[in-house]
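[1] What would the 3D arrangement of this be:
(chains A and B)
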Amino acid sequence: MIEFRQVTKRYDSDHTALRAVNFHLDRGELAFLTGHSGAGKSTLLKLIMVMERPTAGEVIVGGQKLNSLPRRQIPYIRRHIGVVFQNHQLLFDRTVFDNVAMPLEVMGASPEDTGRRVRAALDKVGLLKKEKMNPMQLSGGEQQRVGIARAVVNKPPVLLADEPTGNLDPELSADIMRLFTQFSQVGVTVLVATHDIALINEMNRRTLTLNQGQLVAGGGVSGH
Amino acid sequence: MATDSRQKPDNRRGANRSRSLLSDQARSYLGHHRKVARDSIQRMWKTPVASAMTWTVMGVALALPVALLLLLTSLQGVSAGWESTARITAYLAMELPAEEARDMAADIESDGRVVSVQLVERDQALADFRASSGLDEALDFLEENPLPHTLLITPEDSARSAEGVQALVTFVENMNGIDQVQVDLGWLQRLNAMTDILARAVWALALLLGAAVILVIGNTVRLAIENRRDEILVAKLVGGTDAFVRRPFLYTGAWFGLGGGLVAWLLIQVSLWWLSGPIERLAGLYRSEFTLQGPGFDGALALIIVAMLLGWLGAWVAVRRHLDDIEPGDIAGG
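    Okay, the predicted model is just below:
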């Protein structure tokens, strides 16, 4: 589902964020991406979301080579990738419902369809009763779950999470990881960037480790 | 949250299904346009003072050239009206006796292209001049009457075109005993020349003010874009196309245009009402039919459509310039 072939990303002559990275994630696989700050985690995620283009090598998502993708096709790729951020990126000028509905709105879904799918997503993360509230009124853990509901509302085959448990206590983190596990069980490819070693050890999943732009562990064949 | 539904191939559902899907899509596309249009109006209402100020700036900038254009149209109407009453003045040779002048008057009057000919004899002309000029005593010093006999020729309606009048002038000029022929169109030509200059000046002004309107709207929309930066970022992240992200701002521009056009129309109507009394009096003094024409329904509609287009264009410039700068590249930290 996600494949990197000899991917190098160089920002300018003296800063190479990724060096010849190779890996392949299957459909329904849940993997961690770890490494120190500045090791290249964010760059790797940005390459998958086509926020950045690789300097060399190939990034393939869902069978589509992203290198040669024309700019105007980028939105359509992003509709197949759900993203969860550490800082949620929720909009505080609208309700929880409207936040979660955004991916459906950009796709031009009908109002009935939107209502049904948004409620299904909110139900999944246990926030069905709070759809009319403003995200500002929710706790940090609840806000993160709204972010997850938004990431999965249009059932993307790929889910990326950037430090999704960064600000949460261990119990809430475990809740969120349980959600990610459930998504992977129904076929979603989940990649979680984190440096929460305790969490990674607890989950015992495949872990891609980056060190100064090089993939030093987890790059081989899938652990399953 | 499975991918199952996505992987079911759509083509298995048959042509009917895909056709109804297509019409569903068209409906939700239109529905989205309606929603965005409504949202952008509501946003405008939320900041009534700022919106009203933008409308007023646009209104003033639009009203000025439109008012001048209306004045110009009215002036052109005047010259067209007076062209049709053109008269030809023929001055006869000084030494020509009065009887011959009368014969010539009769000759010309018999021409099909002429309605009437009035002969002003030189003695009468001098008497008139004495009476009207007040130069009574000065004229006494003259040894002889300096004025010739004069024929005032009024052409037929059919001969009142520019060529018709010119042909008649040539005909009269070629007659014996004619000293000089004058068509009293000189002042009209001067008026026409002036309205031509005015027309160009007005169009130049309209272009400049139109550009100003585009810039004002562009700046207003730029601020709106800054205010909604987060929303734009998220929309781009979840796969909003450029068109999707632009749409609310383009509607905002068009609505600003609508407000500006209405303000401009209002300003013009009020000014017309304010000026109509004095203009009627002035026209009365000149015995002229001159009236200042309002824009009418068509004109008002055109004004508002142009204003909306300018607003849309201004928004488009701002959107082109600033939306592409907002890319979600910086959103993920570390």
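[2] Give the closest residue to residue 217 in space, chain neighbours not counted.
    Looking at chain A here, since you left the chain open. Leaving aside its chain neighbours, residue A:217 sits nearest to residue A:209 (4.1 Å; criterion: Cβ to Cβ, 6 or more residues apart in numbering or on different chains). Every C-beta, even on glycine, is put in place using the N, C-alpha and C of the backbone.
[3] wrong one, chain B
    residue B:314 (2.9 Å).
[4] my read: the one you found touches residue B:254, true?
    No. Taking contacts as Cβ atoms under 8 Å, residue B:314 lies outside contact range of residue B:254: 9.7 Å.
[5] hmm, back to that, ok, and what's touching whichever strand or helix holds the residue nearest to residue A:217?
    Residue A:209 belongs to strand A:206-211 when assigned by DSSP states H and E. Applying Cβ atoms under 8 Å, 6 or more residues apart in numbering or on different chains, the set of residues contacting strand A:206-211 from outside is A:18, A:21, A:23, A:29-36, A:39-41, A:44, A:200, A:215-219, A:222-224.
[6] Let's see that with 10 Å instead.
    A:4, A:17-19, A:21, A:23, A:25-26, A:29-36, A:38-41, A:43-44, A:191-194, A:197, A:200-201, A:215-224 (Cβ atoms under 10 Å, 6 or more residues apart in numbering or on different chains).
[7] which ones among these are found in strands?
    The members of the contacts of strand A:206-211 that map onto strands under DSSP state E are A:4, A:17-19, A:21, A:23, A:25, A:30-34, A:191-193, A:215-217.
[8] buried subset of those?
    A:4, A:17-19, A:21, A:23, A:25, A:30-34, A:191-193, A:215 (16 or more other Cβ atoms under 10 Å in any protein chain shown).
[9] quick check, nearest of the residues you listed to chain B?
    Among those, residue A:193 lies closest to chain B (Cβ to the nearest Cβ), at 8.5 Å.
[10] Just the helices from chain A, written as ranges.
    For chain A, helices defined by DSSP state H occupy the ranges A:41-48, A:74-78, A:96-107, A:111-124, A:140-152, A:170-185, A:197-203.
[11] Quick check: the gap between the residue positioned nearest the centre of chain B and residue B:60.
    Nearest residue to the geometric centre of chain B (Cα atoms, centre = their mean): residue B:69, 3.7 Å. Going from residue B:69 to residue B:60 by Cβ to Cβ, to the nearest Å gives 15 Å.
[12] Low-confidence stretches in chain A?
    The model of chain A has pLDDT under 70 over residues A:220-224.
[13] Would you mind naming what in the stretch 101-250 of chain B lies close to chain A?
    B:227-228, B:230-231, B:233-245 (Cβ under 10 Å from any Cβ of the partner chain).
[14] Please repeat the previous calculation with a cut-off of 8 Å.
    Selection of the stretch 101-250 of chain B residues close to chain A by Cβ under 8 Å from any Cβ of the partner chain yields B:230-231, B:233-242, B:244.
[15] Run through the stretch 151-300 of chain B and note the low-pLDDT ranges.
    Ranges of the stretch 151-300 of chain B meeting pLDDT under 70: B:160-162, B:184-188, B:287-289.
[16] Break chain B into its domains for me.
    Under the assignment automatic domain parsing, the domains of chain B span B:34-81+B:190-328, B:87-184.
[17] quick one, which of those is nearest to residue A:152?
    The minimum distance between residue A:152 and these falls on domain B:34-81+B:190-328, with 11.4 Å, by Cβ to Cβ.
[18] In terms of helices and strands, where is residue B:216?
    Counting by DSSP H and E, residue B:216 is found in helix B:186-227.
[19] After that helix, heading C-terminal, what element do we hit next?
    Downstream of helix B:186-227, the first helix or strand assigned by DSSP H and E is helix B:229-237.
[20] Any idea what the spatially most central residue of chain A is bridged to?
    Taking Cα atoms, centre = their mean as the criterion, residue A:160 is the residue nearest the geometric centre of chain A, at 1.2 Å. Beta-bridge pairing for residue A:160 (DSSP bridges): residue A:83, residue A:191.
[21] Make sure it is actually in contact with residue A:47.
    No. In terms of Cβ under 8 Å, residue A:160 does not count as a neighbour of residue A:47; the distance is 10.8 Å.
[22] and residue B:232, how far is that from residue B:238?
    Distance, residue B:232 to residue B:238, by Cβ to Cβ: 11 Å.
[23] which one of these two has more residues nearby?
    Set residue B:232 next to residue B:238 and count neighbours by other Cβ atoms under 10 Å in any protein chain shown: residue B:238 wins out with 26 against 21.
[24] Against residue A:200, how distant is the residue nearest to residue A:217?
    As judged by Cβ to Cβ, residue A:209 and residue A:200 stand 10 Å apart.
[25] from the domains of chain B, which stretch is densest packed?
    Sort the domains of chain B by mean neighbour count, taking mean count of other Cβ atoms under 10 Å in any protein chain shown, and domain B:34-81+B:190-328 sits at the top with a mean of 17.
[26] Can you get me the centre-to-centre distance for it and its chain?
    14 Å (Cα atoms, centre = their mean, to the nearest Å).
[27] Give me the distance between the two termini of that domain.
    End-to-end span of domain B:34-81+B:190-328 (Cα to Cα, to the nearest Å): 27 Å.
[28] mind listing the strands for the stretch 51-200 of chain B?
    B:88-92, B:114-120, B:150-155, B:178-183 (DSSP state E, counting those that start in this stretch).
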